[in-house]
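S.K.: predicted model follows, preceded by the sequence.
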Amino acid sequence: MIRPVDKNTLFYGDNLPILRDYIADESVDLIYLDPPFNSNRSYNVLFKDESGKDSESQITAFEDTWHWGNETEETYHFLIRYAPAQVTTMISSLRKFIGANQMMAYLVMMTARLIELHRVLKSTGSIYLHCDPTASHYLKIVLDSVFGVDKFVNEIIWQRTSSHNDSKKWASVHDIILFYQKGNTFVWNPIYTAHDESYVENFYRYKDERGVYRLHEIIRTASMGPRPNLAYEYKGYKPEWGWRMIREKVEKLDSENRLEWSKTGRPYLKRYLHEQEGNPINTVITDIPPLSGQAGEKLGYPTQKPLALLERIIQASSDEGDVVLDPFCGCGTAIAAAQKLNRKWIGIDVTHLSIALLKYRLKDSFSLVEKKDYFVVGEPESIDGARQLAKDDRYQFQWWALSLIQAKPLGGEAGSREGKKGSDKGIDGVISFLNEKNKLERILIQVKSGHVKSGDVRDLRGVVEREEAAIGVFITLEEPSKDMLTEAVSSGYYRSTLWQQDYPRIQILTIEQLLDDKTIDMPKSVPGQFKQAEKIKKREGTQGELGI
């Protein structure tokens with residue numbers, strides 16, 4: 001039997017086996033997922049038949065296309081054989097209608113995962129699936145079959161951008177969030193947004209010693225019909241259709257100076273602005289803008305969502321101490337929101353880049369330390385594991401290695417993994433710190449998983465000098481040669497006046513040393529230094545040719 005995850009945990013790997021192997025039945029209170037899909041591609045291309053192609057369904061960092069291949073075919077037949085009857089009928093019907101293409105591959109892989117997410121969700125839990133109009137109508141059918149038609153709660157529209165340059169059709173500016181419950185009841189905490197300024201200006205036109213107020217009807221209209229028990233006279237006024245409240249309530253409001261009488265003798269209730277909770281959140285979200293280029297929380301992840309959006313969802317559909325799960329956590333906005341709102345959390349992602357970004361975010365925003373404040377499951381814990389990762393995927397290895405020294409990766413722009421090295425000038429990661437003059441300094445990191453030689457160290461030294469960086473770090477899976485160590489030593493030192501100490505200008509660290517907790521010899525951080533460095537980076541803009 002699977003034991004419930006009892007501590008905040010990040011999982012590296014495919015979320016389907018992780019859900020099956022690690023997450024217990026009915027152990028999660030709220031699920032938010034923003035599954036990757038390349039909706040920017042031509043809609044027609046997504047429905048192009050792919051049968052006969054030997055391509056596996058895969059997700060790589062910032063490359064979110066799913067394909068119909070052997071893995072998808074196997075998953076499809078698993079669903080036909082073992083899924084609940086209504087799911088089997090749904091998925092087979094969709095394949096007949098859609099065919100074997102990228103869209104169908106996406107729906108097959110999502111169906112398998114949604115079955116597991118339904119299993120791990122508590123009976124009082126909720127699930128929010130974030131998508132766009134490209135596949136939302138199909139995903140709704142899948143959710144209907146997995147959760148039940150009667151478990152649909154809302155379709156939420158989030159305006160993700162104010163404009164979109166498309167002169168050939170209606171501009172697409174919104175995402176869709178599908179909200180389902182699992183059982184007959186679900187956690188719901190009412191959330192209110194501020195009143196619109198124009199609404200306040202037009203309706204709250206009166207003021208007294210208590211504050212600004214508007215006038216609200218307290219008598220019944222013809223459309224409401226008569227109520228005999230509310231047909232009474234008060235201070236000479238007897239409404240034709242009666243009052244909206246009992247006499248005792250009217251008398252109490254009048255004694256509190258909360259009634260206002262018009263010149264015709266008609267009474268109104270004073271509704272004070274400061275006593276109103278605001279507007280209840282609705283299914284069209286226009287008050288949470290997308291992340292702009294200057295947004296302080298922007299991490300460079302192309303599908304990153306605003307923290308405020310996830311906070312609203314988590315506040316509305318969970319309580320403090322509840323467990324929040326994001327099975328496609330990316331750069332971890334849902335995890336960050338859960339941590340901020342005092343929820344427990346579980347995050348899963350298939351790339352080490354995402355896990356690395358999340359580690360930085362948890363440290364920088366909440367000072368959380370791995371193995372103390374949360375666990376990471378699925379990363380290499382031995383040199384043999386590191387070698388296997390390097391063999392399987394050298395870029396995943398690179399991102400994982402950078403996370404061991406808390407370096408921020410470079411070159412993770414959208415595009416294929418093959419094109420990833422485009423503009424990083426041989427540098428894979430960077431660490432920023434401030435010197436004694438409050439100037440931004442950088443440590444440049446290069447990671448090698450294959451054969452290394454002294455020329456590699458010389459090349460790194462040249463980049464450090466060209467970029468006027470403080471220190472260069474060479475991380476290697478293999479042991480460095482004597483010539484490499486000599487080359488590093490001959491590169492001199494970086495002098496920190498602030499700490500009155502010298503640090504080797506070029507440093508070589510092996511993966512084995514990093515696994516033994518050895519790290520970079522560098523100036524210590526001072527409290528608040530990271531946030532200050534981030535402000536300086538935004539103010540100064542591009543840092544040299546690296547664009548750091």
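M.R.: Cool, the structure landed. Quick caveat, the model's predicted, so the values are computed rather than measured.
S.K.: low pLDDT regions in the stretch 301-450 of the chain?
M.R.: Applying pLDDT under 70 to the stretch 301-450 of the chain flags residues 411-425.
S.K.: helices along that one, start to end?
M.R.: Secondary structure of the stretch 301-450 of the chain (DSSP state H, counting those that start in this stretch): helices at 307-317, 333-340, 352-366, 383-392, 394-404.
S.K.: just send those back as TSV, with distance to Asp175 too.
M.R.: Yep, even glycine has a C-beta here, placed from its N, CA and C like the rest. Formatted as TSV, these follow (distance: least, C-beta to C-beta, whole Å):
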stretch	distance to Asp175
helix 307-317	9
helix 333-340	13
helix 352-366	20
helix 383-392	33
helix 394-404	27
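S.K.: relative to Gly225, which of those is closest?
M.R.: With respect to Gly225, and counting by C-beta to C-beta, the nearest of the helices of the stretch 301-450 of the chain is helix 307-317 at 35.1 Å.
S.K.: how about CSV for the helices of the stretch 301-450 of the chain, with mean neighbour count added?
M.R.: Below are the helices of the stretch 301-450 of the chain laid out as CSV (neighbours: other C-beta atoms under 10 Å):
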stretch, mean neighbour count
helix 307-317, 21
helix 333-340, 24
helix 352-366, 21
helix 383-392, 15
helix 394-404, 23
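S.K.: out of these, nearest to Phe474?
M.R.: Of the helices of the stretch 301-450 of the chain, nearest to Phe474 by C-beta to C-beta is helix 394-404, at 11.2 Å.
S.K.: any idea how far Gly69 lies from Leu253?
M.R.: Distance from Gly69 to Leu253, counting by C-beta to C-beta, to the nearest Å: 70 Å.
S.K.: try Leu121
M.R.: Distance of Leu121 to Leu253, given as C-beta to C-beta: 45 Å.
S.K.: what's the closest of the helices of the stretch 301-450 of the chain to Met522?
M.R.: helix 394-404 (14.3 Å).
S.K.: so that closest one versus helix 352-366, what angle?
M.R.: Relative orientation of helix 394-404 versus helix 352-366 (axes from the mean of the first three to the mean of the last three C-alpha atoms, to 10 degrees): 20 degrees.
S.K.: which strands or helices does helix 394-404 pack on?
M.R.: helix 352-366, helix 383-392, strand 408-409, strand 440-448, helix 511-515 (3 or more C-beta pairs under 8 Å, 6 or more residues apart in numbering; DSSP states H and E).
S.K.: export the ones you listed to TSV and tack on distance to Glu479?
M.R.: Output for the helices and strands packed on helix 394-404, formatted as TSV (distance: least, C-beta to C-beta, whole Å):
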stretch	distance to Glu479
helix 352-366	23
helix 383-392	11
strand 408-409	24
strand 440-448	12
helix 511-515	8
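S.K.: out of these, nearest to Pro504?
M.R.: Ranking those by their distance to Pro504 (criterion: C-beta to C-beta) puts strand 440-448 first, at 11.3 Å.
S.K.: what does the following helix or strand past that closest one rub up against?
M.R.: Remark: after strand 440-448, the chain's next helix or strand is helix 454-466, criterion DSSP states H and E. Identification of contacts with helix 454-466 by C-beta atoms under 8 Å, 6 or more residues apart in numbering yields 425-427, 444, 446, 448, 469, 471-472, 474, 481, 483-484, 486-488, 491, 505-506, 508, 545.
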